[in-house]
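>>> I'll drop the sequence and a predicted model, then ask my questions.
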Amino acid sequence: MVKCLYCARKEGTYPVKKWNKDEILYFCEDHYKEAAKYEHDNKMQFYNHYSNEVARKTLPEESLQKWNKIHEEIKNSPSH
(Lines give C-alpha, C1' and ligand atoms only; values in the text may rest on other atoms or scores of the structure.)
Protein backbone atom coordinates (compact mmCIF):
# COMPACT_ATOMS: atom_id res chain seq x y z
CA MET A 1 0.00 0.00 0.00
CA VAL A 2 1.38 3.41 -0.97
CA LYS A 3 1.12 6.59 1.07
CA CYS A 4 0.09 10.07 0.04
CA LEU A 5 3.24 12.06 -0.64
CA TYR A 6 1.80 15.07 1.23
CA CYS A 7 0.17 13.64 4.33
CA ALA A 8 1.26 9.96 4.40
CA ARG A 9 -2.33 8.71 4.46
CA LYS A 10 -2.40 5.16 3.16
CA GLU A 11 -6.05 4.71 2.25
CA GLY A 12 -7.47 5.84 -1.07
CA THR A 13 -4.38 7.07 -2.88
CA TYR A 14 -4.43 7.97 -6.55
CA PRO A 15 -1.54 8.04 -9.03
CA VAL A 16 -0.23 11.24 -10.63
CA LYS A 17 2.34 10.80 -13.40
CA LYS A 18 5.09 13.38 -13.47
CA TRP A 19 4.79 15.15 -16.82
CA ASN A 20 8.53 15.12 -17.53
CA LYS A 21 9.66 11.81 -16.02
CA ASP A 22 8.64 8.18 -15.98
CA GLU A 23 7.67 8.51 -12.36
CA ILE A 24 4.37 8.03 -10.59
CA LEU A 25 3.57 9.79 -7.32
CA TYR A 26 0.59 8.98 -5.10
CA PHE A 27 -1.77 11.34 -3.34
CA CYS A 28 -4.86 10.96 -1.20
CA GLU A 29 -8.23 12.30 -2.27
CA ASP A 30 -7.57 15.57 -0.41
CA HIS A 31 -4.32 16.25 -2.28
CA TYR A 32 -4.85 14.53 -5.65
CA LYS A 33 -6.40 17.49 -7.50
CA GLU A 34 -3.76 19.89 -6.23
CA ALA A 35 -0.93 17.56 -7.30
CA ALA A 36 -2.47 16.89 -10.73
CA LYS A 37 -2.97 20.64 -11.28
CA TYR A 38 0.64 21.31 -10.25
CA GLU A 39 1.95 18.79 -12.82
CA HIS A 40 -0.33 20.18 -15.54
CA ASP A 41 0.68 23.78 -14.76
CA ASN A 42 4.39 22.90 -14.88
CA LYS A 43 3.94 21.11 -18.19
CA MET A 44 2.13 24.10 -19.69
CA GLN A 45 4.72 26.53 -18.32
CA PHE A 46 7.45 24.50 -20.07
CA TYR A 47 5.40 24.35 -23.27
CA ASN A 48 4.60 28.06 -23.30
CA HIS A 49 8.17 29.12 -22.53
CA TYR A 50 9.56 27.08 -25.41
CA SER A 51 6.78 27.98 -27.83
CA ASN A 52 9.20 30.66 -28.98
CA GLU A 53 11.22 29.01 -31.75
CA VAL A 54 14.44 30.78 -30.74
CA ALA A 55 14.14 29.48 -27.17
CA ARG A 56 13.15 26.02 -28.42
CA LYS A 57 16.41 25.76 -30.40
CA THR A 58 18.31 25.76 -27.09
CA LEU A 59 16.58 22.60 -25.86
CA PRO A 60 18.50 19.35 -25.66
CA GLU A 61 17.06 16.60 -27.88
CA GLU A 62 15.19 14.81 -25.08
CA SER A 63 13.49 18.03 -23.96
CA LEU A 64 12.66 18.94 -27.54
CA GLN A 65 10.94 15.57 -27.96
CA LYS A 66 8.89 16.29 -24.83
CA TRP A 67 7.94 19.72 -26.19
CA ASN A 68 6.92 18.19 -29.54
CA LYS A 69 4.80 15.57 -27.76
CA ILE A 70 2.96 18.25 -25.77
CA HIS A 71 2.51 20.27 -28.97
CA GLU A 72 0.90 17.29 -30.71
CA GLU A 73 -1.37 16.65 -27.71
CA ILE A 74 -2.55 20.26 -27.76
CA LYS A 75 -2.89 20.38 -31.54
CA ASN A 76 -4.99 17.20 -31.54
CA SER A 77 -7.13 18.06 -28.52
CA PRO A 78 -10.84 18.56 -29.18
CA SER A 79 -10.78 22.06 -27.67
CA HIS A 80 -8.09 23.25 -30.09
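Received it, and whenever you're ready, just let me know what you need.
>>> ranges for the strands of the chain?
In the chain, the strands defined using DSSP state E lie at 13-17, 24-28.
>>> how much space between the residue nearest the centre of the chain and N42?
Geometric centre of the chain, nearest residue: W19, 2.7 Å, by Cα atoms, centre = their mean. As judged by Cβ to Cβ, to the nearest Å, W19 and N42 stand 6 Å apart. All C-beta spots, glycine's among them, are computed from the backbone N, C-alpha and C.
>>> What count of nearby residues applies to H71?
H71 is flanked by 14 other residues according to other Cβ atoms under 10 Å.
>>> That one contacts Y47, correct?
Yes: assessed by Cβ atoms under 8 Å, H71 is found in contact with Y47 at 7.1 Å.
>>> remind me which residues of the protein are low pLDDT?
By pLDDT under 70, the weakly predicted segments of the chain are 80.
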